[in-house]
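> Fold the following.
(one chain, ligands or ions: 1)
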Amino acid sequence: MIGLQAQTAAPPLAADAAPIVEVRGLSKIYPGGVEALNDISLSFPEGELTTLLGPSGCGKTTLLKIIAGLLQPTGGEVRVRGRAVTGPGPERSFVFQDFALMPWATVIRNAAFGLELRGVPRSEREAVAEKYIASVGLKGFETKYPHELSGGMRQRVGLARALAVNADIVMMDEPFSAVDEQTRRQFQEDMLRLVAQERKTFLFVTHSIEEAVYVSNRIVLLSRRPSRVSEIIDVNLPRDSEPDQIRRHPAYLDTVEGIWQTLKRYLD
Ligand SMILES: Nc1ncnc2c1ncn2[C@@H]1O[C@H](COP(=O)(O)OP(=O)(O)OP(=O)(O)O)[C@@H](O)[C@H]1O
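Residues are numbered from 1 along each chain as shown. Below is the predicted model:
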């Protein structure tokens, strides 16, 4: 099938890139006995966007939070550039589902907050924040407060904050779930531009197969809880085409359909 290749197929883009994050034999049993992950092993190539896709409640957020160092696994380990993860680190940033903005702080302060926590002087951190506020399309909104922004704009502030700390790995947990389709598509374009320009590694969680196929270099399909890796798909789309052309391209349509056929098996 065009655009849908098992990991063992001819080396696509993703297979060429060195892994920046390695997950080995990861398991997570929550207190109370919920087994979220069971022996997950995965590697995430540097400079690419990998999406975790799977049935609701299968453990995507759990996996992302363990990689972020926000949650401890029950078994196994995560390595970033070969070093074991024991907690959060400056090379990883996390965009939360609810963006976690401070309501009493302006856009620029919110965007610069990660740098403020690191003790970066105000003028310096605001200069960096300004750059990323502009890059997510919010130039002119620096002095606004979160309640003066739409949901999509608040998400952009969350993204600007994650980018401003200049982490190599940006993790995003369903960042587009609460916005309208138009905003969502605009955001997808922003993200593709950032992946191309910033050369960062993005780890992305979404419920949308179409969104996953549109933005990803690689998609990891997870099974029902306790999650295991069901399939890894390298997405090869004509990225230099217009968005509408990409969404009509056989490679895009075949990949969406192939994933749907796999995920359907996990639905009750
Ligand atoms: N703190 C917790 N304590 C106990 N169980 C939890 C906790 N957090 C998550 N779980 C359970 O672990 C499983 C995996 O949750 P997780 O949020 O990682 O899944 P998900 O794939 O991100 O879900 P969704 O697609 O619905 O966002 C779920 O059954 C959830 O109820």
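> Can you name the residues of this protein that neighbour the ligand?
Where proximity means CB under 6 Å from any ligand atom, the interface of the chain facing the ligand comprises 30, 32, 34, 36, 54, 56-62, 225. C-beta: built from backbone N, CA, C; applies to glycine.
> ok, which stretches of the stretch 51-200 of the chain are strands?
Under the criterion DSSP state E, counting those that start in this stretch, the stretch 51-200 of the chain carries strands at the ranges 75-80, 83-84, 92-95, 169-173.
> now these as TSV including mean neighbour count and mean pLDDT?
Below are those laid out as TSV (neighbours: other CB atoms under 10 Å; pLDDT from 0 to 100):
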stretch	mean neighbour count	mean pLDDT
strand 75-80	17	96
strand 83-84	10	94
strand 92-95	22	86
strand 169-173	23	90
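> who wins for proximity to residue 142 among those?
Proximity to residue 142, assessed across those by CB to CB, is greatest for strand 92-95 (19.2 Å).
> and the closest one, what other elements does it pack with?
The contact analysis (3 or more CB pairs under 8 Å, 6 or more residues apart in numbering; DSSP states H and E) places strand 92-95 against helix 60-68, helix 151-164, strand 169-173.
> now with 6 Å?
On a contact count with 3 or more CB pairs under 6 Å, 6 or more residues apart in numbering; DSSP states H and E, strand 92-95 meets helix 151-164, strand 169-173.
> ok, of the ones you listed, where does mean pLDDT dip lowest?
If you rank those by mean pLDDT, helix 151-164 sits at the bottom with a mean of 86.
> And the contacts of that helix?
The contact list for helix 151-164 (CB atoms under 6 Å, 6 or more residues apart in numbering) reads 93, 95, 99, 101, 107, 110-111, 113-115, 128-129, 132-133, 136, 138, 146, 170, 175, 178-179, 183.
> Show me the beta-bridge partners of residue 227.
residue 37 (DSSP bridges).
> and it, what pLDDT?
79.
> list the contacts for it?
By CB under 6 Å, 6+ apart, the neighbours of residue 227 are 37, 58, 59.
> returning to that earlier point: are any of the residues of the chain next to the ligand buried, and which?
For these, a burial check counting by 16 or more other CB atoms under 10 Å picks out 36, 54, 58, 59, 60, 61, 62, 225.
> Tabulate those residues (a markdown table), appending distance to residue 241.
Below are those laid out as a markdown table (distance: CB to CB, whole Å):
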| residue | distance to residue 241 |
| --- | --- |
| 36 | 38 |
| 54 | 28 |
| 58 | 32 |
| 59 | 34 |
| 60 | 29 |
| 61 | 32 |
| 62 | 36 |
| 225 | 37 |
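> ok, those residues vs residue 259, which is closest?
Taking CB to CB as the measure, residue 259 sits nearest to residue 54 out of these, at 10.4 Å.
> Would you mind measuring from the closest one to residue 120?
When distance is defined by CB to CB, to the nearest Å, residue 54 is 37 Å away from residue 120.
> mind listing the helices for the stretch 1-150 of the chain?
13-16, 60-68, 107-111, 113-117, 122-135 (DSSP state H, counting those that start in this stretch).
> Quick check: mean pLDDT of the first one?
Meaning helix 13-16. 49.
> what about residue 19, neighbour count?
17 (other CB atoms under 10 Å).
> Look up the closest residue to it, ignoring the ones flanking it.
Excluding the flanking residues, the one nearest residue 19 by CB to CB, 6 or more residues apart in numbering is residue 43, at 3.6 Å.
> Show me the beta-bridge partners of that neighbour.
residue 22.
> My guess is it contacts residue 23. True?
No: look at residue 43 against residue 23 with CB atoms under 6 Å: they stay out of range, at 7.2 Å.
> if we take the contacts of residue 227, which one ends up nearest to residue 211?
Of the contacts of residue 227, the one sitting nearest to residue 211 (CB to CB) turns out to be residue 58, at 17.0 Å.
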